[in-house]
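Participant: below: sequence and its predicted model.
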Amino acid sequence: MSKKDPQGVAVILDYMNENNRPYSAQDVFGNLQKQLGLGKTAVVKAMEQLAQQGKIKEKVYGKQKIYFADQSQFADVSDADLGDLDGRIAELNSQVQTVTQSCKKLDAALKELQSSLTTEEMTKEVEELKQECCACRERLKGIKSADNHVTPEEKEKVYKERNAYLKEWKKRKRLASDMIDSILEGYPKSKKQFLVSGFIFASLSQMQ
């Protein structure tokens with residue numbers, strides 16, 4: 001848009017008057033960017049132009065400029081009108097909350113649907129599970145028909161023998177530890193050196 005084209009300025013003025021609330025140039029640029037297709041610099045110049053012409057008002061807060069509609073163009077509002085507006089605002093806020101809750105429920109339902117399997121996926125999974133069940137049945141059938149099963153009696157016998165061997169091993173280990181401790185009482189070297197020398201002696205004996 002050229003500088004001579006007042007369309008952007010007119011749209012910005014209408015926007016400020018219709019909304020009748022404070023805006024920075026950045027706010028107006030962000031809100032009207034798609035509608036006008038103007039760059040930020042053009043919007044800033046248009047806002048400054050409108051302020052210089054007195055069509056909108058300007059306030060400076062530190063380094064930031066805030067613009068708002070000229071309030072003199074609006075009729076005075078009575079306390080009754082303000083009360084009606086407050087009531088309307090409360091009503092709209094209630095509607096917004098209701099719609100927001102409805103949207104949340106719909107979003108939750110949508111997420112649940114998106115995470116669920118489709119009919120085709122469920123059909124495929126059911127077929128795969130059926131095939132897996134058939135394979136398991138065949139395997140179980142083969143296990144049951146095998147003639148090399150271990151009977152409960154044989155299993156119990158193996159456990160008893162294991163426990164007996166384990167008990168005997170612990171007994172011998174304890175006796176060996178007691179003997180080593182007795183020897184170490186008069187042995188001039190460390191336990192580690194004694195065990196190493198004993199291992200070497202046992203190895204040489206086996207070689208003879």
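Facilitator: Structure received.

Participant: how much space between the residue nearest in space to the middle of the chain and K105?
Facilitator: For the chain, the residue sitting closest to the mean C-alpha position, by CA atoms, centre = their mean, is K111 at 14.2 Å. For K111, the distance to K105 (CB to CB, to the nearest Å) stands at 11 Å. All C-beta spots, glycine's among them, are computed from the backbone N, C-alpha and C.

Participant: which helix in this protein has the most residues?
Facilitator: Of all the segments of type helix in the chain, defined by DSSP state H, the longest one is helix 79-115.

Participant: quick one: buried residues of it?
Facilitator: Of the residues in helix 79-115, none are scored as buried under the neighbour-count criterion (16 or more other CB atoms under 10 Å).

Participant: kindly list the main-chain dihedrals of E58?
Facilitator: For E58, the backbone dihedrals are phi -130, psi 140 (criterion: degrees, to the nearest 10).

Participant: what's the nearest residue to it if we skip its chain neighbours?
Facilitator: By the measure of CB to CB, 6 or more residues apart in numbering, the closest residue to E58 outside its immediate chain neighbours is A51, 4.1 Å from it.

Participant: test my guess that the one you found contacts Y67.
Facilitator: Yes. A51 is within contact range of Y67, at 6.4 Å (criterion: CB atoms under 8 Å).

Participant: which stretches of the chain form strands?
Facilitator: 56-61, 64-69 (DSSP state E).

Participant: and the first one, what does it pack onto?
Facilitator: Identification of packing neighbours for strand 56-61 by 3 or more CB pairs under 8 Å, 6 or more residues apart in numbering; DSSP states H and E yields helix 40-52, strand 64-69.

Participant: got these as TSV, with distance to L13 columns?
Facilitator: Supplementary listing: the helices and strands packed on strand 56-61 in TSV, determined by distance: least, CB to CB, whole Å:
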stretch	distance to L13
helix 40-52	6
strand 64-69	9
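
Participant: ok, which of the ones you listed comes nearest E18?
Facilitator: With CB to CB, the closest approach to E18 among the helices and strands packed on strand 56-61 belongs to strand 64-69: 8.6 Å.

Participant: just the CA coordinates for the closest one, please, in PDB.
Facilitator: Coordinates of each C-alpha in strand 64-69 appear next as PDB, following Å, rounded to 0.1, in the frame of the first residue of the first chain:
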ATOM      1  CA  GLN A  64       6.200   2.300  25.100                       C
ATOM      2  CA  LYS A  65       3.400   4.200  23.400                       C
ATOM      3  CA  ILE A  66      -0.200   3.200  24.000                       C
ATOM      4  CA  TYR A  67      -3.000   4.300  21.700                       C
ATOM      5  CA  PHE A  68      -6.800   4.400  22.300                       C
ATOM      6  CA  ALA A  69      -9.900   5.800  20.700                       C
END
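
Participant: other SSEs contacting that strand?
Facilitator: Taking 3+ CB pairs under 8 Å, 6+ apart as contact, the helices and strands that strand 64-69 lies on are helix 7-19, helix 25-36, helix 40-52, strand 56-61.
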